[in-house]
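Q: Coordinates for the following, if possible.
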Amino acid sequence: MTDWSKIDIREFMEVVLEEEHPRVLVGRLILERLPYAFDSKAQYLRWRDALADGFQVDARDIVIVGSAATGRSINSRKKFGTFHGKSARPD
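A: As a prediction, this is how the structure comes out:
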């Protein structure tokens with residue numbers, strides 16, 4: 001899996017522009033990946049399960065988006081910047 005925070009913006013945009021199917025692109029970049037804010041899949045799944053229990057929803061309905069998911073902002077006004085020290089990390 002590509003670490004989107006470690007490639008430059010040109011490479012990132014090439015991936016975005018090459019993908020013909022938006023659903024595949026969104027899956028690759030956001031929905032079907034280990035969110036950048038977590039160190040391991042197990043940590044993410046434990047967090048997601050605890051949150052789902054608290055809200056009494058199915059854990060599969062919880063999705064992390066934005067820079068916490070990709071490691072890079074998806075906002076062009078933020079110049080596609082990387083997840084950084086001021087970005088929150090879960091305990």
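Q: lowest confidence element among the helices and strands of this structure?
A: None of the helices or strands of the chain scores lower by mean pLDDT, DSSP states H and E than helix 67-70, at a mean of 72.
Q: Show me where the protein has its helices.
A: 9-18, 22-26, 41-55, 67-70 (DSSP state H).
Q: Next, format these as TSV and append mean neighbour count and distance to Thr82.
A: C-beta: built from backbone N, CA, C; applies to glycine. Putting those into TSV (neighbours: other Cβ atoms under 10 Å; distance: least, Cβ to Cβ, whole Å) gives the following:
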stretch	mean neighbour count	distance to Thr82
helix 9-18	12	10
helix 22-26	11	19
helix 41-55	13	19
helix 67-70	21	8
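Q: State the distance from the spatially most central residue of the chain to Ala37.
A: The C-alpha lying nearest the average C-alpha coordinate of the chain belongs to Ala69 (Cα atoms, centre = their mean; 1.3 Å). For Ala69, the distance to Ala37 equals 8 Å [Cβ to Cβ, to the nearest Å].
Q: I'd say Pro72 and Thr82 touch.
A: Just so we're on the same page, residue 72 is Arg rather than Pro. Yes. Counting by Cβ atoms under 8 Å, Thr82 is a contact partner of Arg72 at 5.4 Å.
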